[in-house]
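Enquirer: Got a predicted structure plus its sequence, pasted below:
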Amino acid sequence: MAMKEVLEDLRKIVGDGRVSTSMLERYCYSQDASCVRGMPDFVVRPENAEQISEILRLCNKKGIPATPRGAGSGLAGGAVPVKGGIVLDMSGMNHIIEIDIGNLQVIVEPGVVQERLNQALKPLGFFFPPDPGSSAFCTLGGMISCNSSGMRSVKYGTTRAYVLDLEVVLADGSVIHTGSKVLKSSAGYDITRLFTGAEGTLGIITAAGLKVVPLPQARRLVAASFEDAEAAGRAVVDVFSRGITPSACEIMDKTTLEVLRRCNPAVALPESGDLVLFEVDGTNLSVDEAAREVGEACAPVASSVRIAQSQEEMDSIWAGRRLVGAAVSRLDPTKTRVYAGEDVGVPIREIPSLINKVQKISEDLGIAAMKYGHIGDGNLHVALFIDLMNREEWERLDLAADRIHRAALELGGTVSSEHGIGLARAGYMPAQAGAALEVMRSIKSSLDPKGILNPGKLGL
Ligand SMILES: Cc1cc2nc3c(=O)[nH]c(=O)nc-3n(C[C@H](O)[C@H](O)[C@H](O)COP(=O)(O)OP(=O)(O)OC[C@H]3O[C@@H](n4cnc5c(N)ncnc54)[C@H](O)[C@@H]3O)c2cc1C
């Protein structure tokens, strides 16, 4: 690649101040929140779809890799340019273009941060439900590209359920719309869903039409403790069997609770057992009824059940749950959490088996593990800890992550429920997708024959 020539071309497209080749800046873009690393040759901050179209035309002509990046909070290396080339920093395209409540939707640029959209919607009595733990900093473009979700997906679904239309720049520089403003359509292939979850391998999203929904009038929270994961799993299935779909259904195992208490002794969580938090939302009347039913479903198998009595109590319990990410450092000050095997998912009835298998893997390999996650949709987050300076511990960690991924697959599950495949989990795609991987490869080669878009990802 004639670097000087490419630099000149990029400057002509976006202007001098929006291209960088400085070592320091390229280093900052060589990683996301995972362990994957890869140095870009150029960092480019485009302002609009026209510039991106010109950049991709240039990349396509010269065979230069182009990797889109939102906030870089991904946990699988999706935004890391593992084959070099250009990183397209989309975070500056961050305008909320239109809030169209009459049509139950918004149109946004991809760099809008999730929480900012919800701040704008709140006074209007609406919200965009997908709610990752990273909502304060992750972008909607990143969320669409990973089909992100979080605590509310058990009732409200993942990001995919809210995408109505995408403006996408394809590898050859052409610009398409995948949908429209209608809330449903049965016109041909569902290309919107093809680009949702594609992790930037099929096109660059430059705008999105997203469905929004009314904020619920009220919420209630039931906290139930169980002797073990089997009992917790039985209670969750019983809650669903009664026709109740909680708006959140989270599990934290004994180790997680112990670590939370060490982090903040005032945290308002029960003293023992595995804890499940059930949140229900709806009208003032319906939530009281639903919370009572959840309590009744849990009572026969739980060691304790408590319905939060006030908004303050509810907030303080959720504050404890939100502390998990930060509290992990208290497990052992000499160890650090490494994101590996952290996002497996199984059919919900298999969650207790998965928790037990992960516990056994952790004991067999001597790697400490915290287990928490979205039990209501079968998604278990596993936090593994090692001494980063110890090579032998890294080897055991890799083995543990591999066994966790394979355990999920054996139980009919997935190696990633919401964080994506990127490079970190690419090796599992043949086992995960089977013959469908060839279909994915042919879609990729038909839309991006030169393989310039985020190469090296998804095991393609
Ligand atoms: C503390 C923490 C908590 C988290 N909690 C959750 C959680 O609860 N649920 C969850 O689902 N995830 C969670 N995540 C993971 C991560 O935040 C999400 O995957 C998020 O959606 C990524 O957004 P981003 O803007 O950081 O994207 P990036 O990491 O920058 O990119 C992610 C992928 O999207 C692609 N991409 C970005 N923008 C575009 C675009 N405009 N067009 C095409 N492709 C694009 C990138 O190439 C990459 O493949 C968490 C991460 C952290 C660090």
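Expert: Now that the structure is in, tell me what you want to look at.
Enquirer: Pull up the residues of the stretch 351-460 of the chain that are close to the ligand.
Expert: Along the stretch 351-460 of the chain, the residues adjacent to the ligand under the rule Cβ under 6 Å from any ligand atom are E418, H419, N454. C-betas here are computed from N, CA, C, even on glycine.
Enquirer: isn't the last one right next to G200, touching?
Expert: Yes. Counting by Cβ atoms under 8 Å, a contact exists between N454 and G200, whose distance comes to 4.3 Å.
Enquirer: Which of the residues of the stretch 351-460 of the chain next to the ligand ranks first by neighbour count?
Expert: Among those, N454 has the most neighbours (other Cβ atoms under 10 Å), with 32 neighbours.
Enquirer: List the residues that contact it.
Expert: Under the criterion of Cβ atoms under 8 Å, 6 or more residues apart in numbering, the contact partners of N454 comprise P65, A66, T67, P68, G78, E199, G200, T201.
Enquirer: Could you pull out the buried residues of stretch 233-247?
Expert: When burial is assessed from 16 or more other Cβ atoms under 10 Å, stretch 233-247 yields the following buried residues: G233, R234, A235, V236, D238, V239, I244, P246, S247.
Enquirer: where do the contact lists of N454 and G200 overlap?
Expert: Shared contacts of N454 and G200, counting by Cβ under 8 Å, 6+ apart, come down to T67, P68, G78.
Enquirer: How much space separates the closest residue to the last one other than its chain neighbours from G456?
Expert: Translated: G78. Closest residue to G78 in three dimensions, ignoring its sequence neighbours and counting by Cβ to Cβ, 6 or more residues apart in numbering: G422, at 3.9 Å. Noted for G422: a distance of 9 Å to G456, by Cβ to Cβ, to the nearest Å.
Enquirer: which of these two has more neighbours?
Expert: Under the neighbour definition other Cβ under 10 Å, G422 and G456 were set side by side, and G422 has more, 27 against 20.
Enquirer: Please give the element, helix or strand, for that one.
Expert: Under the criterion DSSP states H and E, no helix or strand holds G422.
Enquirer: was I right about it contacting V80?
Expert: Yes. With the criterion set as Cβ under 8 Å, G422 and V80 qualify as a contacting pair; they are 7.5 Å apart.
Enquirer: okay, and the common contacts of those two?
Expert: The overlap between the contact sets of G422 and V80 (Cβ under 8 Å, 6+ apart) consists of S34, V36.
Enquirer: isn't S149 right next to P130, touching?
Expert: Yes. Between S149 and P130 there is a contact under Cβ under 8 Å: 5.3 Å.
Enquirer: For those two, list the residues in contact with both.
Expert: Overlap between the neighbourhoods of S149 and P130 consists of G157, T158, T159, taking contacts as Cβ under 8 Å, 6+ apart.
Enquirer: can you put those residues in JSON lines and add pLDDT and neighbour count?
Expert: JSON lines is the format used below for the shared contacts of S149 and P130 (pLDDT from 0 to 100; neighbours: other Cβ atoms under 10 Å):
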{"residue": "G157", "pLDDT": "97", "neighbour count": "14"}
{"residue": "T158", "pLDDT": "98", "neighbour count": "22"}
{"residue": "T159", "pLDDT": "98", "neighbour count": "27"}
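Enquirer: Rebuild those as TSV, extending it with distance to the ligand and secondary structure.
Expert: Written out in TSV, the entries for the shared contacts of S149 and P130 read as follows (distance: Cβ to the nearest ligand atom, whole Å; DSSP: H, G, I helix; E, B strand; the rest coil):
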residue	distance to the ligand	secondary structure
G157	13	coil
T158	8	coil
T159	8	helix
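Enquirer: S20 reaches R26, doesn't it?
Expert: Yes. Contact between S20 and R26 holds when scored by Cβ under 8 Å: they sit 7.3 Å apart.
Enquirer: Tell me which of those two has more neighbours.
Expert: More neighbours sit around S20 than around the other of S20 and R26, counting by other Cβ under 10 Å; the figures are 21 against 18.
Enquirer: Look up phi and psi at the nearest residue to that one once chain neighbours are set aside.
Expert: Closest residue to S20 in three dimensions, ignoring its sequence neighbours and counting by Cβ to Cβ, 6+ apart: V43, at 4.5 Å. Geometry field for V43 lists phi and psi as phi -110, psi 130, criterion degrees, to the nearest 10.
Enquirer: I figured V43 hits E25, correct?
Expert: Yes. Contact between V43 and E25 holds when scored by Cβ under 8 Å: they sit 5.3 Å apart.
Enquirer: Of those two, give the one with the bigger neighbour count.
Expert: For V43 versus E25, the count of surrounding residues by other Cβ under 10 Å is larger for V43: 22 against 15.
Enquirer: so how far is A71 from the more buried one?
Expert: Look at V43 and A71: by Cβ to Cβ, they are 15 Å apart.
Enquirer: In the strand or helix carrying A431, which residues are buried?
Expert: Following DSSP H and E, one finds A431 within helix 429-433. Along helix 429-433, the positions that meet the burial threshold by neighbour count (16+ other Cβ under 10 Å) are M429, Q432, A433.
Enquirer: ok, of those residues, which one's closest to the ligand?
Expert: The closest of the buried residues of helix 429-433 to the ligand turns out to be M429 (Cβ to the nearest ligand atom; 14.4 Å).
Enquirer: Name the nearest residue to that closest one, sequence neighbours excluded.
Expert: The shortest distance from M429 to any residue other than its chain neighbours is 3.2 Å, reached at G459 (Cβ to Cβ, 6+ apart).
Enquirer: Need the residues that contact whichever strand or helix holds V87.
Expert: In this structure, V87 sits in strand 86-89 according to DSSP H and E. Under the contact criterion Cβ under 8 Å, 6+ apart, strand 86-89 has outside partners 10, 29, 40-46, 52, 55, 59, 64-69, 79, 81, 204.
Enquirer: Is L277 in contact with T256, as I believe?
Expert: No. In terms of Cβ under 8 Å, L277 does not count as a neighbour of T256; the distance is 11.8 Å.
Enquirer: model confidence over stretch 232-246, on average?
Expert: Predicted confidence along stretch 232-246 averages 93 (mean pLDDT).
Enquirer: Check stretch 80-89 too.
Expert: Computed over stretch 80-89, the average pLDDT equals 98.
Enquirer: Now do that stretch: distance from first to last residue.
Expert: For stretch 80-89, the separation between the terminal residues is 11 Å (Cα to Cα, to the nearest Å).
Enquirer: in the biggest helix by length in the chain, what's buried?
Expert: For the chain, the helix reaching the highest residue count under DSSP state H is reported as helix 391-410. For helix 391-410, a neighbour-count test (16+ other Cβ under 10 Å) marks 393-394, 396-397, 400-401, 403-409 as buried.
Enquirer: Then stretch 432-441?
Expert: Those buried within stretch 432-441 under the rule 16+ other Cβ under 10 Å are Q432, A433, L437, M440.
Enquirer: how about the strands of the stretch 151-300 of the chain, start to end?
Expert: Using DSSP state E, counting those that start in this stretch, the strands of the stretch 151-300 of the chain run over residues 163-169, 175-177, 204-211, 213-214, 218-226, 248-252, 274-282.
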